[in-house]
Every structure is written in C-alpha cells, then in structure tokens.
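Engineer: any chance you could fold what I've pasted below:
(one chain, ligands or ions: 3)
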Amino acid sequence: MENDLIAAVATGAARSAIGVIRLSGPEAAKAAGAVFQSLDGKGLANHPPRSLVYGTLVDREGRAIDRILATWSPAGHSYTGEETAELQCHGAPAVLALGLEALFAQGARQAGPGEFTKRAFLGGRLDLAQAEAVMDLIDAETPGAVRQAAGQLSGALSRRVGEIYDGLVDVMAHFHAVLDYPDEDIGPFEEKELWAGLEEAYGRLTALLASYDSGKVLARGVPCAIVGRPNVGKSTLLNALVGYDRAIVTDVPGTTRDTVEERCVLGGVLLRLIDTAGLRETEDAVERIGVARSRAAMERAGLILVVLDQSRRMTQEDLQLVEEAVALAPTILVWNKSDLPSGGIPTVEGELPPGVEVSAKLGLGLDKLGETVARLLPGPADGTEGELLTNARQAEAAGRAKESVWRAAEGLRAGFTPDAVLTDVEEALSALGELTGQSVREDITARIFQRFCVGK
Ligand SMILES: Nc1nc2c(c(=O)[nH]1)N(C=O)[C@@H](CNc1ccc(C(=O)N[C@@H](CCC(=O)O)C(=O)O)cc1)CN2
Ligand SMILES: Nc1nc2c(ncn2[C@@H]2O[C@H](COP(=O)(O)OP(=O)(O)OP(=O)(O)O)[C@@H](O)[C@H]2O)c(=O)[nH]1
Ligand SMILES: [Mg+2]
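Structural biologist: Numbering: from 1, shown residues only. Ligands and ions are numbered 1, 2, ... in the order given. Got it, this is the predicted structure:
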C-alpha cells in the first residue's frame with residue numbers, strides 16, 4: 001500500500017523562536033509549495049532539493065501568515081526515505097496551527113506519534129534499535145544518556161547484536177550441512193567447533209544482558225529514597241539538590257507527611273529523588289501512613305540516602321535504619337548539618353556504608369555527595385556507550401536468545417538430533433532479530449512507535 005501524505009509540527013507545542021512543520025509522502029514538495037510563495041516566484045519544487053528557500057507562508061485562504069524558509073528532499077534522500085518537505089516558521093503555536101491547516105487543505109493528514117520514524121524503519125533506513133535510539137535521544141536528560149542514544153542511533157548496539165547473530169548463523173550452517181548429508185555423522189572435531197560457537201554466543205549474550213544494569217540507569221535514572229529520622233534535614237537536602245524550594249521545611253519534626261518526588265542530576269547520574277516522612281513511632285494516623293510510604297520508597301529505591309544529623313549522637317534507631325537500607329540498595333550516609341558542632345562520632349561495630357558530610361542548608365558538600373554517587377553507581381565502561389541494552393523489551397529478547405543458546409548447547413551435549421539443536425538456534429536467531437526488528441511482530445512495532453512524540 002502506498003503511504004499517504006502526513007504532516008505535523010516537529011518542534012513541540014511551546015512558543016519558540018523557530019517552529020518546523022514537516023511533511024512526508026507523495027508530492028510533499030507540491031503540497032508545501034501550494035502554501036508557500038518563494039520571493040523569486042518559482043515554485044518550491046523548482047528549486048534544487050535540500051536547499052533553503054525564503055518566502056511567504058499563506059493560510060488556506062491565501063493570506064500571508066509568516067515569512068519562512070522552506071526546503072524539500074526527493075524520495076530516497078530523506079529521513080523517512082519518502083519525498084519530504086519542511087517549513088521553518090516563527091515558532092508561534094498559532095502560526096504553526098494555521099500552516100498545518102493549510103497543508104491539510106492540500107490533502108495532507110495529521111501524522112500520528114512516531115509516524116515519520118516508523119516510515120524510516122519500514123523503509124529500511126533505520127533498524128528498530130536505531131529507531132528506539134531516536135526517542136531515547138529526545139528523552140535524554142544527562143550527557144551519558146545522550147551519548148548512549150547517539151551511539152545506538154549510529155548502529156553500535158545493532159552491530160553488537162549482529163556479531164552474535166552472525167556467529168549463530170555459522171553454527172546453523174554447520175548443522176544444515178549435517179542434515180543435508182545425513183550419512184556423515186558429526187565428527188568430534190566438528191562437534192567441538194559447534195560447541196565453541198555456542199559458547200561464544202552464550203558469553204556474548206551474558207555480557208549484553210549484563211549491560212542492561214548500567215543501560216537502565218542511563219536511560220531511566222535511579223529511584224533514590226532520602227530517609228532518616230524526623231528533622232535531620234531530608235527535605236532541605238532535596239531542595240538543595242533540585243535547586244529550589246520544592247518541599248516544605250520547618251523545625252517541627254514530622255513536617256513531611258507524604259512522599260515528594262523530583263528529579264536531579266548528581267554525579268552525572270539522573271536521580272529520581274523521593275523525599276520521605278521522617279521515620280519514628282507515632283500515634284498520628286496521617287504520619288503513620290507517611291512512615292509506611294517511606295519504607296515503601298526504600299524498597300523500590302536503587303540508591304538510598306540515609307540522612308543523619310551529625311550535631312546529634314547516632315542512635316540505635318539510626319543504626320537499625322542503616323542496616324535496613326544496606327540490605328535493600330546501595331546506601332550513602334549523609335551526615336547533615338556539618339555547619340553545627342559535631343555531636344560526637346559514635347563507636348560502631350562493623351562497617352558503615354560510605355559517608356559524606358554536608359550542610360544541606362548552606363549547600364556544602366554536595367559535590368562530594370555527587371562523587372560518591374558516581375563511585376557507587378558506575379556508568380558504562382568507556383567506549384561501550386551506544387551498545388548497552390536500555391529498555392525492558394530489548395533485555396527480554398536478549399534473555400530469550402540466551403536461554404535458547406543454552407538449550408542448544410545442552411542438546412548438543414546430550415547427543416540430541418541435529419534438527420532438535422537447530423530449532424533452539426533458530427529461536428535464538430529470531431529473538432535476536434527482534435532487537436533490530438528483522439523478526440518483530442507488527443503489533444509490537446506499533447506499540448514501540450506509539451511511545452514516540454508527534455512529529456518524530
Ligand atoms: N530539519 C531537520 N533536522 C533534523 C531532522 C530532520 O528530518 N529535519 N532529523 C530527523 O528527524 C534528524 C537528522 N536525521 C536525518 C537523517 C537522514 C536524513 C537524510 O536526508 N538522509 C538521506 C541523505 C543523506 C545524505 O545527505 O547523504 C539518506 O539517508 O539518503 C536527514 C535527516 C535531526 N535533525
Ligand atoms: N544548621 C543546619 N540546619 C539544618 C540543615 N539542614 C536542615 N536544617 C534544619 O533542620 C530543620 C529540619 O529540616 P527539614 O529539612 O524539614 O528536616 P526533615 O528531615 O525533612 O524533617 P521531617 O520532614 O520532619 O522528617 C529545619 O529547621 C532546617 O532548617 C543544615 O545543614 N544545617
Ligand atoms: Mg521533611
């Protein structure tokens with residue numbers, strides 16, 4: 001089926017200096033040319049492709065609504081692979097809405113979420129991992145996330161997956177040879193080679209799956225619970241980290257009742273901070289629910305900041321809380337109120353998690369805290385950005401591939417018939433193909449692109 005002509009604002013709904021309307025599909029240049037009058041009077045499509053042409057944008061009644069730059073690209077030389085056109089307008093939502101309406105009057109229709117990138121994928125210009133990278137790039141909130149997504153967009157993850165795929169295809173070819181010449185048994189030498197091929201794939205898949213740990217952190221950030229006894233300065237710390245007065249701070253113990261969530265980047269890591277109600281035994285019904293929520297936040301955290309008031313002596317409850325935290329997630333002790341005299345360092349049996357002295361109120365020691373976060377949650381090894389798994393779909397497919405390779409190896413060892421082993425290898429190949437989109441179901445593809453923004 002021939003794709004129809006789609007149009008959308010590509011630059012979001014906010015007022016901005018420039019706003020871009022893009023078009024893709026048959027005769028995109030003609031439709032764009034119909035709402036655009038170049039200063040030299042030539043139609044847009046009569047200008048060389050991929051050059052910027054200055055002129056007037058008109059609404060569906062032909063009234064001037066902006067002075068803009070327009071461009072078009074021929075099919076085969078564009079993001080989607082189709083003929084495309086772009087109108088670079090002033091970024092007023094009203095201008096863009098009128099321009100879009102004028103294009104609808106020329107037969108274009110509103111593009112759905114991710115529809116441009118979906119066409120690029122279906123047209124073979126991007127594989128599925130690259131298409132996902134486009135959205136990850138738009139969503140990136142840290143430099144690390146940007147580099148990961150850019151590397152994946154350049155094909156780093158696809159190449160890593162492709163190498164494993166090719167290795168398994170070699171193994172398959174061997175088995176096919178055996179199946180085609182059934183009179184010749186697998187010789188011991190050949191069997192060793194097959195075994196080595198499966199082992200190699202298994203090792204690489206294990207490493208690939210392990211990359212999801214840091215990939216997940218890069219792409220989605222880490223839920224980080226801020227816990228401690230009442231009044232130690234948890235909310236003050238949250239405010240210091242996010243840079244504005246997000247949570248209520250008072251000198252009344254029990255100020256924070258409900259959890260307060262806000263994101264910040266600390267030590268290069270995106271933290272999804274959760275400020276919690278101070279932990280204590282209480283008769284207050286509301287506060288009790290708050291304390292239960294504090295514990296729940298700790299349980300889903302990937303990092304726990306236990307805040308302590310260093311101007312007071314550490315208590316038995318403090319120690320117990322530290323123990324609980326350490327059992328749940330990487331933990332940092334934040335010795336707050338370093339601007340006040342020390343309450344004395346307690347003697348503690350056993351080892352405490354890493355600690356940092358800060359004054360949340362004065363904003364002191366936050367750099368040190370950042371360094372400790374970076375040390376505790378190390379990013380990916382240098383040069384591996386772009387080839388990490390970053391979402392559950394990818395990790396699930398890689399996990400299935402790994403299991404199939406394991407079954408194939410087990411089968412080989414148990415002396416199963418070659419076709420039984422082959423079935424497992426085929427399953428591994430199919431699971432790997434889902435990562436790059438070679439063998440992915442249409443409904444899954446649709447769901448992936450639904451997550452994209454309109455105009456992308
Ligand atoms: N104005 C504008 N900026 C943009 C995009 C766009 O579509 N328009 N992009 C997207 O949303 C991204 C860039 N991605 C692009 C990818 C491929 C082609 C393209 O025309 N490829 C052709 C020609 C390559 C060449 O010059 O050799 C091709 O692959 O054949 C264009 C943009 C980010 N910036
Ligand atoms: N001197 C000093 N005071 C601080 C510091 N951090 C917080 N405080 C004070 O400690 C008191 C309690 O601060 P909060 O941030 O509300 O404490 P909290 O841990 O969130 O308390 P709850 O919500 O009740 O559990 C306030 O009066 C703060 O101004 C600090 O670094 N130095
Ligand atoms: Mg508080």
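
Engineer: roughly how far apart are the closest residue to ligand 2 within the chain and Leu362?
Structural biologist: The nearest approach of the chain to ligand 2 comes at Gly278, 2.5 Å away (C-beta to the nearest ligand atom). For glycine as for every other residue, the C-beta is placed from the backbone atoms N, C-alpha and C. To Leu362, Gly278 is 21 Å away according to C-beta to C-beta, to the nearest Å.

Engineer: now the residue of the chain closest to ligand 2: closest residue in space, sequence neighbours ignored.
Structural biologist: Counting by C-beta to C-beta, 6 or more residues apart in numbering, Pro230 is the residue found nearest to Gly278 once chain neighbours are left out, at 3.0 Å.

Engineer: how about Gln438?
Structural biologist: Excluding its sequence neighbours, the residue lying closest to Gln438 (C-beta to C-beta, 6+ apart) is Asp127, at 7.7 Å.

Engineer: try Val222
Structural biologist: With C-beta to C-beta, 6+ apart, the residue lying closest to Val222 is Gly302, at 4.0 Å.

Engineer: remind me what the longest helix along the chain packs against, helices and strands.
Structural biologist: In the chain, assigned by DSSP state H, the helix with the most residues is helix 188-220. Helices and strands touching helix 188-220, by 3 or more C-beta pairs under 8 Å, 6 or more residues apart in numbering; DSSP states H and E, are helix 143-153, helix 156-180, strand 269-275, helix 392-413.

Engineer: is the residue in the chain that ligand 1 sits nearest to in a helix, a strand, or coil?
Structural biologist: Of all residues in the chain, Tyr79 sits closest to ligand 1, at 4.0 Å by C-beta to the nearest ligand atom. With DSSP: H, G, I helix; E, B strand; the rest coil as the basis, Tyr79 sits in coil.

Engineer: so Arg263 sits right up against Leu273, yeah?
Structural biologist: Yes - assessed by C-beta atoms under 8 Å, Arg263 is found in contact with Leu273 at 6.9 Å.

Engineer: quick one: which of the two has more around it?
Structural biologist: Leu273 (27 against 13; other C-beta atoms under 10 Å).

Engineer: any regions of the stretch 151-300 of the chain where pLDDT drops low?
Structural biologist: 182-189 (pLDDT under 70).

Engineer: which one of Gly278 and Leu362 has more residues nearby?
Structural biologist: Neighbour totals were compared for Gly278 and Leu362, and Gly278 leads with 23 against 13 (other C-beta under 10 Å).

Engineer: and the more buried one, helix, strand or coil?
Structural biologist: coil.

Engineer: which ones are touching it?
Structural biologist: Gly278 makes contact with 228-232, 234, 253-256, 291, 294, according to C-beta atoms under 8 Å, 6 or more residues apart in numbering.

Engineer: in JSON lines: those residues, plus neighbour count, secondary structure and distance to Glu83.
Structural biologist: Compiled in JSON lines, these are given as follows (neighbours: other C-beta atoms under 10 Å; DSSP: H, G, I helix; E, B strand; the rest coil; distance: C-beta to C-beta, whole Å):
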{"residue": "Gly228", "neighbour count": "26", "secondary structure": "coil", "distance to Glu83": "60"}
{"residue": "Arg229", "neighbour count": "19", "secondary structure": "coil", "distance to Glu83": "65"}
{"residue": "Pro230", "neighbour count": "18", "secondary structure": "coil", "distance to Glu83": "64"}
{"residue": "Asn231", "neighbour count": "20", "secondary structure": "coil", "distance to Glu83": "65"}
{"residue": "Val232", "neighbour count": "27", "secondary structure": "coil", "distance to Glu83": "63"}
{"residue": "Lys234", "neighbour count": "33", "secondary structure": "helix", "distance to Glu83": "57"}
{"residue": "Pro253", "neighbour count": "14", "secondary structure": "coil", "distance to Glu83": "67"}
{"residue": "Gly254", "neighbour count": "17", "secondary structure": "coil", "distance to Glu83": "64"}
{"residue": "Thr255", "neighbour count": "16", "secondary structure": "coil", "distance to Glu83": "61"}
{"residue": "Thr256", "neighbour count": "24", "secondary structure": "coil", "distance to Glu83": "57"}
{"residue": "Val291", "neighbour count": "21", "secondary structure": "helix", "distance to Glu83": "61"}
{"residue": "Ser294", "neighbour count": "25", "secondary structure": "helix", "distance to Glu83": "57"}
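
Engineer: also within reach of ligand 2: list those from these.
Structural biologist: For ligand 2, the contacts drawn from the contacts of Gly278 by C-beta under 6 Å from any ligand atom are 228, 230-232, 234, 253-256.

Engineer: quick one: Asp309 and Gly343 touch, right?
Structural biologist: Yes - here Asp309 reaches Gly343: they are 7.5 Å apart, a contact under C-beta under 8 Å.

Engineer: please enumerate the strands of the stretch 351-456 of the chain.
Structural biologist: 355-357 (DSSP state E, counting those that start in this stretch).

Engineer: low-confidence ranges in it?
Structural biologist: Low-confidence segments of the stretch 351-456 of the chain (pLDDT under 70): none present.

Engineer: ok, which residues in the stretch 101-250 of the chain are in contact with ligand 2?
Structural biologist: Counting by C-beta under 6 Å from any ligand atom, the stretch 101-250 of the chain comes close to ligand 2 at 228, 230-236, 249-250.

Engineer: can you put those residues in CSV and add distance to Ile6?
Structural biologist: Formatted as CSV, those follow (distance: C-beta to C-beta, whole Å):
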residue, distance to Ile6
Gly228, 53
Pro230, 56
Asn231, 57
Val232, 55
Gly233, 53
Lys234, 49
Ser235, 48
Thr236, 50
Val249, 50
Thr250, 54
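
Engineer: circling back: let me know which of the helices and strands packed on helix 188-220 is the nearest to Gly62.
Structural biologist: helix 143-153 (40.4 Å; C-beta to C-beta).

Engineer: buried residues in the closest one?
Structural biologist: Within helix 143-153, the residues scored as buried using 16 or more other C-beta atoms under 10 Å are 144-145, 147-153.

Engineer: Leu179 versus the residue of the chain closest to ligand 2, what's the distance?
Structural biologist: Gly278 is 68 Å from Leu179, by C-beta to C-beta.

Engineer: I'm done for today, thanks for sticking with me.
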